[in-house]
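A.B. asks: Mind looking at a prediction? Sequence and model below.
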Amino acid sequence: AEDIGKIKPEYVRSFLFENKLMASTWIVIRIDGCHFHRFSEVHEFEKPNDEQALNLMNSCAVAVLEEFQDIIFSYGASDEYSFVLKMDSQLYHRRASGLVSAIVSFFSATYIVKWKEFFPQKALKYSPSFDGRAVCYPSSKILRDYLSWRQVDCHINNQYNTCFWMLVKSGKSKTEAQTYLKGTQTREKNDLLLQQFGIDYSKLPVMFRHGSSVFRVKEENNVTHENENGASFAKPQSRVTLEHCNIIEDSFWKAHPSILN
Ligand code: ATP
Ligand code: ATP
Ligand code: MG
Ligand code: MG
Ligand code: MG
Ligand code: MG
Ligand code: MG
């Protein structure tokens, strides 16, 4: 302990091992609610889809895009959100721990601050938390495959959960409902919903079926500014927007070419 003053900072720092995420790749930070099965029960979320809970998630994602300018696109469903950073982002020097921790803590804190706005009648009973991970996708094709995978997952889960909760609400136990649905295909699930419950799956709210995309769009009519010399110039404006679109098909990406370029 007498030698404490002799410790060289370079020596202590040398134990920190941290790679940078690969340059010129799309970084995706995916966050996911920790134990939201329990969180959604404790807070009596409507099953299978609590619309206000999804609106709260979306509002937090909008806040994340407003806070972190390098995020160009995000996609969310259930208790998860994927945030895509532009390819050449240097945020946190592309270090995974910096990026993941900053986005996860900002999202979690925002979720708590905004809770009252979306659930004015419900007290927040304990602190929700989210985990996060960073993955690099080396081409826009592979990034699109990733996003398609998340949207397919949203669809499969939603279809299953819609059937499951209809069976449970109609009197089956959770185990019975699970057994009943085991091995059923998409078609069979759609038929079950239509024939037993009169539900046309394709008519369910689009947010439940497609999830939510939050991204930047360039404003059409550029706002004109004046510089110090009084000369006017057009500054390209962008705003953050929320849509529930099909991001698997080409049409979305063709309509928004600036996102992946
Ligand atoms: P983990 O900590 O491993 O992520 P988890 O309990 O959060 O565990 P997930 O696979 O992430 O498990 O699933 C999230 C669960 O949260 C869903 O199964 C669902 O029960 C619940 N949930 C999340 N959002 C909603 C919502 N908007 N409406 C109803 N339930 C929701
Ligand atoms: P970064 O986002 O890079 O971390 P930062 O502004 O948070 O930037 P830090 O190096 O983390 O910079 O320093 C934290 C700063 O926060 C301190 O310099 C100090 O000004 C302030 N701070 C933190 N805790 C306290 C505290 N308990 N009392 C007063 N000031 C504090
Ligand atoms: Mg998880
Ligand atoms: Mg979860
Ligand atoms: Mg989840
Ligand atoms: Mg710091
Ligand atoms: Mg700091």
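C.D. replies: Looks like it came in fine. Given the structure is predicted, the values throughout are model-derived calculations rather than measurements. Ligands and ions are numbered 1, 2, ... in the order given.

A.B. asks: List the buried residues of the one helix or strand Lys114 maps to.
C.D. replies: Assessed by DSSP states H and E, Lys114 sits inside helix 96-118. Buried residues in helix 96-118, defined by neighbour count with 16 or more other C-beta atoms under 10 Å: 96, 99-100, 102-104, 106-108, 110-111, 114-115, 118. (Glycine included, C-beta is placed from N, CA and C.)

A.B. asks: helices and strands around that helix, which ones?
C.D. replies: Counting contacts by 3 or more C-beta pairs under 8 Å, 6 or more residues apart in numbering; DSSP states H and E, helix 96-118 is packed against strand 26-33, helix 51-67, strand 80-85, strand 130-137.

A.B. asks: Output the ones you listed as CSV; include the columns mean neighbour count and mean pLDDT.
C.D. replies: Shown next, in CSV, are the helices and strands packed on helix 96-118 (neighbours: other C-beta atoms under 10 Å; pLDDT from 0 to 100):
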stretch, mean neighbour count, mean pLDDT
strand 26-33, 23, 98
helix 51-67, 19, 98
strand 80-85, 25, 98
strand 130-137, 17, 98
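
A.B. asks: Reformat those as JSON lines; add distance to Gln195.
C.D. replies: As requested, these are exported to JSON lines (distance: least, C-beta to C-beta, whole Å):
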{"stretch": "strand 26-33", "distance to Gln195": "34"}
{"stretch": "helix 51-67", "distance to Gln195": "26"}
{"stretch": "strand 80-85", "distance to Gln195": "32"}
{"stretch": "strand 130-137", "distance to Gln195": "39"}
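
A.B. asks: so which of these gets nearest ligand 4?
C.D. replies: Between ligand 4 and these, the shortest separation by C-beta to the ion is 4.1 Å, and it involves strand 26-33.

A.B. asks: show me the contacts for the closest residue to ligand 4 within the stretch 151-261 of the chain.
C.D. replies: Per C-beta to the ion, Asn157 is where the stretch 151-261 of the chain lies closest to ligand 4, at 11.5 Å. Counting by C-beta atoms under 8 Å, 6 or more residues apart in numbering, Asn157 touches Ala77, Ser78.

A.B. asks: So it belongs to a helix, correct?
C.D. replies: Yes: membership of Asn157 in a helix is supported by DSSP: H, G, I helix; E, B strand; the rest coil.

A.B. asks: what's the pLDDT at it?
C.D. replies: You'll see Asn157 listed with a pLDDT of 97.

A.B. asks: Go through the helices and strands packed on helix 96-118 and name the closest to ligand 1.
C.D. replies: Judged by C-beta to the nearest ligand atom, the one of these that comes nearest to ligand 1 is helix 51-67, at 3.6 Å.

A.B. asks: Show residues contacting the closest one.
C.D. replies: By C-beta under 8 Å, 6+ apart, helix 51-67 touches 40, 43, 45, 71, 74, 76, 79, 81, 83, 103, 106-107, 110-111, 114-115, 117-119, 205, 207-208, 212, 214-216, 240, 242.

A.B. asks: Nice, that's everything, thank you.
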